[in-house]
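Undergrad: can you look at this prediction? I've put the sequence above it.
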Amino acid sequence: MIAVQNISKQFGKFKVLNHVSFECRRGECIALIGPNGSGKTTVIKSMLGMVIPDSGTITFEGHDIAHDWRYRNRIGYMPQIGRYPENMSIGQVLDMMQDIRKVPENRIDHDLFEAFKIKSLLHKRMGTLSGGTRQKVSACLAFMFGAQALILDEPSAGLDPLSSEILREKILAEKAKNKLVIITSHILSELDELVTEAIYMQDGSLRFHKTMDELQSQTGESKLARAIAAAIRQCDRDAAGVDEGHFKTGRL
Ligand SMILES: Nc1ncnc2c1ncn2[C@@H]1O[C@H](COP(=O)(O)OP(=O)(O)OP(=O)(O)O)[C@@H](O)[C@H]1O
């Protein structure tokens, strides 16, 4: 559904993405993980056309996104920090987005709107909202228009435990409809039983892209956090082995 092919991005002298490639298919729930500053949000923003890579291509359903912005209507995006006109009320923001997306009322997904009890908050101005309530508005907007692909950047950050669970159940329900879900989170335990694949980034490069089955069988660990830690150690050992091999054969 989305293919990232060899993209690189530099901000000034700082190389943020270094020849990153991966593919995402329908029905998959992919965890995009890595340390702070490893380039996850930059990859996501590149997929959304909000950052333009210096080189490489990104395709959505086989079409280069550089030539046609309309694919964006088919992606629900929940940003790490939602930015909205501060003077508008929640109700006005939801109406405005519905006008822009031109999705008829009978096709609007109200699940999160109802589960988060947004109706009683519609009059509240965006500038006065708590971080968690702002996050709930972002979640409602990402899921509202029935998009076939969902990109969620730290979706549970700031949400209370009950709201996090509501969101998790919604993600599972959407995944069951054969949608693509890409999710970043630093709390790996909340991704257990949700994700089918994991992409691990470090210093702007993709270290590995593995299915959960591969991760679990290669590491013997069932929990994502432990499986990722074991896979990173394995990668480091492999890299050290290659370097040592090169050294011994005098190829460095
Ligand atoms: N517009 C920009 N201008 C300059 N540097 C930027 C810009 N956007 C991102 N960066 C830098 O690129 C690097 C990668 O940032 P990015 O937000 O993609 O990381 P991340 O993996 O999502 O981090 P986190 O886990 O903290 O959210 C960081 O060092 C960041 O400071």
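TA: Sure, I can see it.
Undergrad: for the stretch 1-150 of the chain, what spans make up the strands?
TA: Counting by DSSP state E, counting those that start in this stretch, the segments of the stretch 1-150 of the chain that form strands are 2-11, 14-24, 29-33, 55-60, 63-64, 75-78, 149-153.
Undergrad: list the contacts for I182?
TA: Contact analysis of I182 by CB atoms under 8 Å, 6 or more residues apart in numbering lists 24, 30, 32, 44, 47, 149-152. C-beta coordinates here come from the backbone N, C-alpha and C atoms, glycine included.
Undergrad: which one among those gets closest to the ligand?
TA: Closest approach to the ligand among the contacts of I182 (CB to the nearest ligand atom): I44, at 7.6 Å.
Undergrad: didn't that closest one look like it was pressed against I151?
TA: Yes - under the criterion of CB atoms under 8 Å, I44 makes contact with I151 at 5.6 Å.
Undergrad: for L191, which non-adjacent residue is closest in space?
TA: A31 (4.9 Å; CB to CB, 6 or more residues apart in numbering).
Undergrad: same check on L172?
TA: Closest to L172 by CB to CB, 6+ apart is L194, at 6.6 Å.
Undergrad: what about the one you found, how many residues nearby?
TA: 17 (other CB atoms under 10 Å).
Undergrad: what's the distance between it and the ligand?
TA: Applying CB to the nearest ligand atom, to the nearest Å, the value for L194 to the ligand is 18 Å.
Undergrad: got the residues of the stretch 101-250 of the chain near the ligand?
TA: By CB under 6 Å from any ligand atom, no part of the stretch 101-250 of the chain sits against the ligand.
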